[in-house]
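# Mind folding the following:
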Amino acid sequence: MSEHSESTVQKTLILFKPDAVQRGLVGEILTRFERVGLKIIGTKMIAPDREHYYKHYEEIGQVITRRGEATFNNVLDTMNEGPVIAMVLEGVEAVELVRKLVGSTEPKSSAPGTIRGDFSHMSYSYADGADKGIPNLIHASGDLADAEKEIPHWFPAEELYDYSALNEKFTR
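Numbering: from 1, shown residues only. Now for the predicted structure:
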């Protein structure tokens, strides 16, 4: 068996938030995920209602619990500014890899070279002072446990596809 066993292959959820869709950055951001070998196994454009986001951001993500009701409401308002593109990516240690590529949740703190560091710039203090959500382009599952809850919330099993990517044919 190789050093990277099948147990290290993971699935993770990403959401291209309304600001990424509206700014026309989806293709450029997606290219970064594909270039590192992540495989798209599910994708769709959707405009979820507040109930769907409540389950995602509170029942799974616990935003109210961690950051308070005002922050939660700002997040939901920001997410409802337009449709999102939801995707499930698969690859070796995908959850951690995607988090590294995306950068810190606060764009101002994200390093250059990360998605948020290169394409967004707002700080928590500015967003809080303006009483608005922080446009940070993308949601990425925080850890494997979150990914395992988020994926079925956004994608029924029949919307996820199992196939071999070209690069996988040469690494097995």
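# How far does the helix or strand of the chain at the bottom of the mean pLDDT ranking sit from its chain's centre?
Counting by mean pLDDT, DSSP states H and E, the chain has its least confident helix or strand at helix 124-129, which shows a mean of 84. Once both centres are worked out by C-alpha atoms, centre = their mean, to the nearest Å, helix 124-129 turns out to sit 22 Å from its chain's centre.
# Strand partners (parallel or antiparallel) of the helix or strand just after that helix?
If you walk from helix 124-129 toward the C-terminus, the next helix or strand you reach (DSSP states H and E) is strand 138-140. Sheet pairing for strand 138-140, assigned by DSSP bridges, gives strand 9-16 (antiparallel).
# I would like the residues contacting the partner strand, please.
By C-beta atoms under 8 Å, 6 or more residues apart in numbering, the surrounding residues in contact with strand 9-16 are 25-26, 29-30, 33, 41, 84-95, 98, 102, 137-141, 144, 147, 150-151, 154, 160. All C-beta atoms are positioned from the backbone trio N, CA, C, and that covers glycine.
# Please enumerate the strands of this structure.
Under the criterion DSSP state E, strands of the chain are mapped to 9-16, 39-46, 84-92, 138-140.
# nearest to Pro107, of those strands?
Pro107 lies closest to strand 138-140 among the strands of the chain, at 10.5 Å (C-beta to C-beta).
# Excluding its own residues, what touches stretch 141-161? List them.
Outside of stretch 141-161, the residues within contact range by C-beta under 8 Å, 6+ apart are 10-15, 41-42, 44, 46, 52, 55-56, 60-61, 86, 88, 95, 98-99.
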